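Visitor: give me a model of this one.
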Amino acid sequence: MARLKPKNTITTRPQAEAAMSKLNEIDRQLAAWDLDEADAIASVRQHHADLQRKGGRPGLEAEKALLIKEIEAWADGDKERWERKTQETPFGSFGFRVSQPAVALVKKIASKFDAALILLQEKLPQYVRDVPQIDKERILADERSEALDSVALAKCGLKVIQDDEFWVETNASKDLEAAAKKLRAA
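Guide: Predicted coordinates for the structure are as follows:
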């Protein structure tokens with residue numbers, strides 16, 4: 001979308017109200033289109049969900065999961081006789097592949113990662129992250145309670161700002177927001 005520069009043609013409150021009226025009309029039309037689209041998408045999705053349910057999709061998905069588990073159980077017992085980790089069939093292939101390395105708990109020693117962290121800090125601190133971060137929440141809290149030394153903060157390259165922001169909310173913008181939310185969910 002091209003960037004638009006304001007023409008500065010609004011000079012009175014009645015002109016501002018007329019502009020708000022036009023904004024409201026635009027939001028109403030945008031919301032109507034988004035709602036129509038969301039309704040159409042939802043209708044198509046529901047239609048296909050109904051067709052799939054009538055066609056037996058849940059049963060097919062359950063049967064698929066069961067067959068995968070059965071093939072896996074057979075493969076676990078038979079893999080010692082395989083020449084390769086992958087088995088080819090006329091219908092596809094299956095087999096075993098090495099997974100990505102992952103850090104897991106030794107449950108007898110540490111039942112949760114918090115417990116493992118404490119043990120790591122004691123025995124292998126090189127594996128514990130120390131991530132310094134600016135505590136913005138505390139800076140803002142100290143600003144509210146007037147305990148912040150803003151001069152010292154500025155010497156660190158920071159300052160607390162709070163500006164007035166211009167905003168517009170038409171009566172139809174709530175409809176537009178609801179339509180956008182419904183469209184995202186569709």
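
Visitor: which residue of this structure lies farthest from its centroid?
Guide: The centre of the chain is farthest from one residue, Arg81, which by Cα atoms, centre = their mean lies 44.7 Å away.

Visitor: tally of neighbours for Tyr127?
Guide: Counted with other Cβ atoms under 10 Å, residues neighbouring Tyr127 total 11. From N, CA and C alone the C-beta is placed, and that goes for glycine too.

Visitor: which one is it nearest to, not counting chain neighbours?
Guide: Spatially, and ignoring its direct neighbours in sequence, Tyr127 is nearest to Leu120 (5.4 Å; Cβ to Cβ, 6 or more residues apart in numbering).

Visitor: check which helix or strand that neighbour maps to.
Guide: helix 113-123 (DSSP states H and E).

Visitor: run the chain-centre distance for that helix.
Guide: On the basis of Cα atoms, centre = their mean, to the nearest Å, helix 113-123 sits 30 Å off its chain's mean C-alpha point.

Visitor: ok, stretch 112-127 next?
Guide: The answer for stretch 112-127 is 30 Å, by Cα atoms, centre = their mean.

Visitor: what does it rub up against?
Guide: With contacts defined as Cβ atoms under 8 Å, 6 or more residues apart in numbering, stretch 112-127 is touched by Leu105, Ile109, Ala110, Val128.
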